[in-house]
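>>> Have a look at this prediction, sequence included:
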Number of protein chains: 10
Amino acid sequence: MTRSDATDLLLVAKKDKGLSFRDIATILGRDKVWVAAAFMGQATLSVEEAERLSELLGVAPDVTLPLQEPPLKGALDSTVPVDPLIYRFHEITQVYGTAMKAVIHEMFGDGIMSAIDFEIDIQKKADPKGDRVIVTYSGKFLPYRKW
Amino acid sequence: MTRSDATDLLLVAKKDKGLSFRDIATILGRDKVWVAAAFMGQATLSVEEAERLSELLGVAPDVTLPLQEPPLKGALDSTVPVDPLIYRFHEITQVYGTAMKAVIHEMFGDGIMSAIDFEIDIQKKADPKGDRVIVTYSGKFLPYRKW
Amino acid sequence: MTRSDATDLLLVAKKDKGLSFRDIATILGRDKVWVAAAFMGQATLSVEEAERLSELLGVAPDVTLPLQEPPLKGALDSTVPVDPLIYRFHEITQVYGTAMKAVIHEMFGDGIMSAIDFEIDIQKKADPKGDRVIVTYSGKFLPYRKW
Amino acid sequence: MTRSDATDLLLVAKKDKGLSFRDIATILGRDKVWVAAAFMGQATLSVEEAERLSELLGVAPDVTLPLQEPPLKGALDSTVPVDPLIYRFHEITQVYGTAMKAVIHEMFGDGIMSAIDFEIDIQKKADPKGDRVIVTYSGKFLPYRKW
Amino acid sequence: MTRSDATDLLLVAKKDKGLSFRDIATILGRDKVWVAAAFMGQATLSVEEAERLSELLGVAPDVTLPLQEPPLKGALDSTVPVDPLIYRFHEITQVYGTAMKAVIHEMFGDGIMSAIDFEIDIQKKADPKGDRVIVTYSGKFLPYRKW
Amino acid sequence: MTRSDATDLLLVAKKDKGLSFRDIATILGRDKVWVAAAFMGQATLSVEEAERLSELLGVAPDVTLPLQEPPLKGALDSTVPVDPLIYRFHEITQVYGTAMKAVIHEMFGDGIMSAIDFEIDIQKKADPKGDRVIVTYSGKFLPYRKW
Amino acid sequence: MTRSDATDLLLVAKKDKGLSFRDIATILGRDKVWVAAAFMGQATLSVEEAERLSELLGVAPDVTLPLQEPPLKGALDSTVPVDPLIYRFHEITQVYGTAMKAVIHEMFGDGIMSAIDFEIDIQKKADPKGDRVIVTYSGKFLPYRKW
Amino acid sequence: MTRSDATDLLLVAKKDKGLSFRDIATILGRDKVWVAAAFMGQATLSVEEAERLSELLGVAPDVTLPLQEPPLKGALDSTVPVDPLIYRFHEITQVYGTAMKAVIHEMFGDGIMSAIDFEIDIQKKADPKGDRVIVTYSGKFLPYRKW
Amino acid sequence: MTRSDATDLLLVAKKDKGLSFRDIATILGRDKVWVAAAFMGQATLSVEEAERLSELLGVAPDVTLPLQEPPLKGALDSTVPVDPLIYRFHEITQVYGTAMKAVIHEMFGDGIMSAIDFEIDIQKKADPKGDRVIVTYSGKFLPYRKW
Amino acid sequence: MTRSDATDLLLVAKKDKGLSFRDIATILGRDKVWVAAAFMGQATLSVEEAERLSELLGVAPDVTLPLQEPPLKGALDSTVPVDPLIYRFHEITQVYGTAMKAVIHEMFGDGIMSAIDFEIDIQKKADPKGDRVIVTYSGKFLPYRKW
């Protein structure tokens, strides 16, 4: 079973059980974005997480086996995504990338925000002019090593 | 004077005055990321903002003229940025894009987070294991219109 | 069943029933372009729309199930389409994009035409020198938020 | 003088005179989008149009000379534009291109909408929920010749 | 049956019957290049043409059904073709494209040669130094509309 | 002087003298397309041709010196040309390339049409429904050598 | 049977029979590189060559049928090959291409080395410091036709 | 002085002196292709070679200084060269690359032909049917190291 | 059996046996990185190595057959890898490539580090601030041949 | 002064002083590769390092000013480098990337080798069969954070 097959089976089982990523996250003790990433083959489950997930979704344990291996990450086919929701994240990098770089260097010095020691949080903020999507990235600052 | 020349002159003047983006933002009554974006030619200043900025930096007013025109946005040369700090934002979209899409659709339905009715906030969070960069995107949710 | 399989089955059923997109649009209370977009996996049907569509086309309801999920949008394989009809839209953007940008900024200020809060209408206009295709885009103007 | 230099000079002169594309279009007896396209080096002026334009803008006639030659068309540097306003037109082609193709073939048969015997109109439509940009393409239908 | 499957079946049947594109063209009352284009899924057959073709090749009529639908045109996988025969056409455009543009504008004014109201003819011209391939394009001149 | 500078100077001189490519071709005893190609830096002039050209255009002989060197050929910046006139030639290759290949192999066997032992002719054919551009390629057939 | 399937079957049969390309070349009266190219689907066999090959390899004659059709040539998936042996040929073109062009023009005038009326020879040259691969290209010089 | 400037100056001086690459090669005791490669900035001269070259061409010694530094190699702008002479080498790799790989592995085992411990020779071979360009690559065979 | 199928089967068998690349390397008398490369289809096994491997993993000998053929090397689908672990190696080349080139030329002269006569070693170095990955490349220096 | 200008000036000054990267590294108390990276605009100098460097090279202090700003990193123009020395690093990633990934995950679990908390060392290892280039990467292992 490929990881992509596992993704498809898990998404079907999730739908059949009527569970949201939030529900599953609560049960696994993880965040909903991380759980979605694991479903999409972008994060690695522990044995315990895999067992709990297979029970929860009622799938054979081997369906969750591929999710226990460090995956070949990268869930998109092309470097410029076409899907409008995903493209907006690309656009933000293209338009505001140099500004964020300038501000982060001003605040932290030369280095980067880690995308590995890293978390994403997504919240809905009610607003009379239209609800807002609040996406928060939290990454460890890694200063460049000089040698 | 091209917009790119204006960017160069403003960055030099800012350095000569010893001002940070945060300082300028406080004086203009704007956020430091928005100010950096305006410097980089990715946002449009009002006449008043341009005048205050030229006074503050001690540059001839015509230096800030190009920043009052809606710019041809996009500050990066290539679709896959090489600079490691900027690349990490690209990587986040590539690795977590489908997971963020799944979670946003689950929370909001079919639509997108606007990158136009949109703000970025960047904060430093002290952490004994290493300070963290906290980047927050706040974009209005735009549901797909059906017609 | 993948969304692409669903598209194929729906197009076959539509052909077998001898229905046009316009016919289906009238019955669903939607526009023919939106219906075509939904067939092509680019828009999301409500449960009621999906039920009415499966009855109308005489297909099992599960064929229309994938169309109820927010799709991974983008119906073309390549960024420069080869098909001459679709390429002409690409050409218009390449040739007239900067002119449309200049005019829209002159009329509306800095911002964009939304492609989400957005409709397309297509009409035939008789003309003795050759009928004309009239394509009308109607998108909400979104001004850039300053923060 | 290159065509790109001419574009720059004309835009500066237009700004100095405080003229909009609409103003110039009225005087030339042309549409504002076509005038903007001519400024951007995407359309060819007649001798009379060039003379009237140079008088109107107070520029030496040779500034408008390059605009009388059929230009090497294409005003964008890259096939996937980054500027958000222009990108939305690209996105519309990517997302709705196959649907527009299906509907146009259903209405007109096998052929294309010409991008040469072609006009663009841009209007503002007031809307309490936010003004709308109305872009209308009118292109002659060209059926495929069979031979 | 996909259009690509139809292409394969038709080519096999043509080979089994020992027919050339020229033979089929004579019977259909069409040109050999157009017939080859139709086989390759680049042109649309009428019902009568499809019936005559299926009889002639001894294939079930549904094999020719896909050829009656306006196809998603474009028979090559990549924008720079590798096959030497096809590449030479690409090379001609790359090397002589600007010269042909200059000459056509000199002869016809600003406009294009249509690739839709368009025919291709291919002939063999005997030559003692080596036979020559004569490829003739005939396309309607379309002047740019000014509006 | 670069070849590109020479091209610019020659085009200006040609315009000042009010000469067409056809006029120059008649005087040089060459075809108008070949002359245009030489102007564009895609063909090599003999010493005599260069001298006659510099006299005719009233330019210093060294302007035509670079045209006597075998050039680095290829007059377009990108593999997919944007200019609509030139793009149509690209489209013809993309849409009809496989059909032309099939017909040429049927008529000549395995081999190619040379783009080196090659000529282009362009004519205007009056037509009440709109004049037609007739472009004729004549290339020597080169059979594949087997060894 | 696709040409790619034929390639796979022929390579297996060749391995089972323990034959080298050199062995087969000797029997067919052809060169080993040409035979390898034919196996890879890059050259066209005559009927006699195909029959002798099918006997020699003990495969059904229809396995060699596709090799009798002029193939869609081009055996690599990408324009920059990754395989180190093949990449080195790409590197030679990238590094020494302009030098070879300058020398060939100096020796032959403006024209090219044909890749159609063309042969490749590969030999091993013993050398105490390490054997050398000797690859010889022999292509007819084609001078540019002037017209 | 950049290496590219040096290339231009050397080519002009070579032309003024009426020297061929072959002449220079004889004097330097090197091959004409290597000399052309050095001119094009693809090989490194020793101090002695640089001195002899500057005397021979009558240029100031600092013109040949950049040629004494290991260059950033790669003389072409794009991975798919457009110039027909250079493209043919690309085509040979694309069409015959897998065949050459198969034959070299059969003759030498797993490894590559070095493009570093490597020579190119170019000769003219008279042929009544048209002179032939003979290009010979001689590269050391490098077997893969197993560890 | 394709090489890719063999890779999949070997990885499953390795997992079932609970063997690490290090274990297998010890038994084969090879390094763990080389063994992993062989599994991934990037190195060639001898007959003995293949036999020992098939016994060790309990797979039919023909599973290891494809690994005895020189493979078409290159284990990644795209030139810019998305997987973060692999991308970091790409980033190192992009950021430090010119520095490594300058230092290697300073130490060795004009030439390259072979990637064929080449070994990779990977070690873990304990560090209280976080373990370090130590990757060592050892490649033979190949000086450019002058001829 | 741009960073690229600074790079050029520093390299000239280094050459004029007859200093190697190793010499400068010893004086600055840094490694030769890091110093070369700083010269190439890929690392950030402290004020003290910049002062010592300007004294050492005898350049005006403002030449080293740009090297004190966090640079827009990435020293190569294209994602697939053509220069053979740099390309080999690209090839190693393409050929051995998946093997290194498998081995690193086996030794460390899911995570990456940092390219930020990272050092490069380059040594020459004498070898009778040819000196070897030893390149050692030392990067902190960063495990994926689960949240």
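Everything's here; your move. Numbering: from 1, shown residues only, chains lettered A, B, ... in the order given.

>>> For residue A:29, the count of nearby residues, please.
Using other C-beta atoms under 10 Å in any protein chain shown, residue A:29 has 10 neighbouring residues. Every residue, glycine included, has its C-beta placed from N, CA and C.

>>> Now do the contacts for it.
Neighbour list for residue A:29: empty [criterion: C-beta atoms under 8 Å, 6 or more residues apart in numbering or on different chains].

>>> And it, how far from residue A:52?
The spacing between residue A:29 and residue A:52, counted by C-beta to C-beta, to the nearest Å, is 9 Å.

>>> Name the nearest residue to residue A:115, ignoring sequence neighbours.
residue B:88 (4.2 Å; C-beta to C-beta, 6 or more residues apart in numbering or on different chains).

>>> give me the element the one you found is part of.
helix B:84-108 (DSSP states H and E).

>>> before we move on, the earlier item: the residue nearest to residue A:115 and chain F, how far apart?
Distance, residue B:88 to chain F, using C-beta to the nearest C-beta, to the nearest Å: 30 Å.

>>> what sits against the residue in chain A positioned nearest to chain H?
Closest approach of chain A to chain H (C-beta to the nearest C-beta) occurs at residue A:79, with a separation of 16.9 Å. Residue A:79 is in contact with B:79, B:80, B:90, B:94, I:80, counting by C-beta under 8 Å, 6+ apart.

>>> and it, that one's in a strand?
No - according to DSSP: H, G, I helix; E, B strand; the rest coil, the state of residue A:79 is coil, so it is not within a strand.

>>> quick revisit: what is the burial count for the residue nearest to residue A:115?
Neighbour number of residue B:88 under other C-beta under 10 Å is 23.

>>> That one reaches residue A:139, doesn't it?
Yes - using C-beta atoms under 8 Å, residue B:88 is in contact with residue A:139, at 7.3 Å.

>>> Need the residues touching each of these two.
With C-beta under 8 Å, 6+ apart as the test, residue B:88 and residue A:139 both reach A:113, A:114, A:115.

>>> wait, which of the residues you listed is closest to residue H:35?
Comparing these against residue H:35 with C-beta to C-beta places residue A:115 closest, at 49.5 Å.

>>> Doesn't the closest one lie inside a strand?
Yes - under three-state DSSP, residue A:115 falls within a strand.

>>> Let me see the contact set for it.
Residues in contact with residue A:115 (C-beta under 8 Å, 6+ apart) are A:139, B:88, B:91, B:92, B:95, I:84.

>>> For the helix or strand of chain A with the lowest mean pLDDT, buried residues please.
Sorted by mean pLDDT, DSSP states H and E, the helices and strands of chain A end with helix A:61-64, the least confident at a mean of 82. Buried residues in helix A:61-64, counting neighbours by 16 or more other C-beta atoms under 10 Å in any protein chain shown, are found at A:63, A:64.

>>> is any part of that helix close to chain I?
No - Helix A:61-64 lies apart from chain I when judged by C-beta under 8 Å from any C-beta of the partner chain; the minimum separation is 11.7 Å.

>>> And that helix, how far out from the chain middle?
Relative to the centre of its chain, helix A:61-64 is centred 21 Å away, using C-alpha atoms, centre = their mean, to the nearest Å.

>>> try stretch A:50-65
20 Å.

>>> packing partners for the least confident helix or strand of chain A?
helix A:3-17, helix A:47-57 (3 or more C-beta pairs under 8 Å, 6 or more residues apart in numbering or on different chains; DSSP states H and E).

>>> Redo these as JSON lines? Include distance to chain D and mean neighbour count.
Output for the helices and strands packed on helix A:61-64, formatted as JSON lines (distance: least, C-beta to the nearest C-beta, whole Å; neighbours: other C-beta atoms under 10 Å in any protein chain shown):
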{"stretch": "helix A:3-17", "distance to chain D": "23", "mean neighbour count": "15"}
{"stretch": "helix A:47-57", "distance to chain D": "32", "mean neighbour count": "17"}
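
>>> Report the central residue of chain A.
Note on chain A: the residue nearest the mean C-alpha position is residue A:37, at 3.9 Å, using C-alpha atoms, centre = their mean.

>>> And for the helix or strand that that one is a member of, what's in contact with it?
Per DSSP H and E: residue A:37 is located in helix A:32-39. Applying C-beta under 8 Å, 6+ apart, the contact partners of helix A:32-39 are A:7, A:10-11, A:14, A:20-22, A:24-25, A:28, A:30, A:43-45, A:49, A:67, A:119-122, B:95-96, B:98-100, B:102-103, B:106, J:146-147.

>>> I'd guessed residue A:46 sits against residue A:69; true?
No - in this structure, residue A:46 is not within contact of residue A:69 by C-beta under 8 Å, at 11.9 Å.

>>> the more surrounded of those two?
Higher neighbour count among residue A:46 and residue A:69: residue A:69, with 16 against 12, using other C-beta under 10 Å.

>>> do you know how far the more buried one is from residue I:120?
In terms of C-beta to C-beta, residue A:69 sits 22 Å off from residue I:120.

>>> Ok, residue A:77 next?
Using C-beta to C-beta, one obtains 30 Å as the distance from residue A:77 to residue I:120.

>>> And these two? Which one has more around it.
residue I:120 (22 against 13).

>>> Helix, strand, or coil at the more buried one?
Following three-state DSSP, we place residue I:120 in the strand state.

>>> What pLDDT is listed against it?
Predicted confidence (pLDDT) for residue I:120: 97.

>>> so who does it touch?
Counting by C-beta under 8 Å, 6+ apart, residue I:120 touches I:31, I:33, I:34, I:135, I:136, I:137, I:138, J:92, J:96, J:99, J:100.

>>> Of the residues you listed, which is the nearest to chain D?
Distances from chain D to these, taken by C-beta to the nearest C-beta, are shortest for residue J:92, at 30.4 Å.

>>> That closest one: what's its closest spatial neighbour, skipping adjacent residues?
Once flanking residues are discounted, residue J:92 sits nearest to residue I:115: 5.4 Å by C-beta to C-beta, 6+ apart.

>>> Next, work out how far apart the one you found and residue J:133 are.
11 Å.

>>> and the closest residue to residue A:147 other than its chain neighbours, what are its bridge partners?
Residue nearest to residue A:147 in three dimensions, not counting chain neighbours: residue J:119, with 4.2 Å by C-beta to C-beta, 6+ apart. Note on residue J:119: beta-bridge partners residue J:138, judged by DSSP bridges.

>>> Distance of residue J:119 relative to residue I:92?
11 Å.

>>> what residues are shared contacts of these two?
residue J:137.

>>> okay, those two: which has more neighbours?
residue I:92 (22 against 17).

>>> List the contacts of the more buried one.
By C-beta under 8 Å, 6+ apart, the residues touching residue I:92 are J:89, J:115, J:118, J:120, J:137.
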